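>>> The amino acid sequence is not available; the structure is as follows:
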């Protein structure tokens, strides 16, 4: 049994469909991220990240 904890983080974003490819390039390179998705149909474009450890907003903002 895997006892490693996972964290689900939810962020409000100002991204657009045109930026999804760039976002994918950045997020796919974070080794802590297990999976992620962005809801562009939501009015605040919610970004959900499932990760092995907490990902700081600062880490994402640097990208």
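It's in. Worth saying up front: this structure is predicted, and the values here are computed from it rather than measured.

>>> And the helices in this structure?
Applying DSSP state H to the chain gives helices spanning 20-27, 57-61.

>>> Give me the number of neighbouring residues for residue 33.
17 (other C-beta atoms under 10 Å). To be clear about C-beta, it is placed using only N, CA and C from the backbone, and glycine gets the same treatment.

>>> who are the neighbours in contact with it?
Shown in contact with residue 33 (C-beta atoms under 8 Å, 6 or more residues apart in numbering): 27, 49-51, 55.

>>> Now with 7 Å, please.
27, 49, 51 (C-beta atoms under 7 Å, 6 or more residues apart in numbering).

>>> about what we covered before: worst average pLDDT in the helices of the chain?
When those are ranked by mean pLDDT, helix 57-61 comes last with a mean of 56.

>>> so where's the protein shaky on pLDDT?
1-4, 53-63 (pLDDT under 70).

>>> center of it - which residue?
residue 49 (3.9 Å; C-alpha atoms, centre = their mean).

>>> Does that residue touch residue 7 like I think?
No - with contacts counted by C-beta atoms under 7 Å, residue 49 stays clear of residue 7, the gap being 8.1 Å.

>>> hmm, back to that, mind picking the one among the contacts of residue 33 that's closest to residue 17?
Nearest to residue 17 among these, counting by C-beta to C-beta, is residue 27 at 15.6 Å.

>>> How about the closest one: what's its closest non-neighbour residue?
residue 36 (5.1 Å; C-beta to C-beta, 6 or more residues apart in numbering).

>>> Strands of the protein, residue ranges please.
Counting by DSSP state E, the chain has these strands, from start to end: 7-11, 33-39, 46-51.

>>> quick one, which of these is nearest to residue 21?
Using C-beta to C-beta, the nearest of those to residue 21 is strand 33-39, at 11.6 Å.

>>> That closest one vs strand 46-51, what angle?
Orientation check (axes from the mean of the first three to the mean of the last three C-alpha atoms, to 10 degrees): strand 33-39 against strand 46-51 gives 170 degrees.
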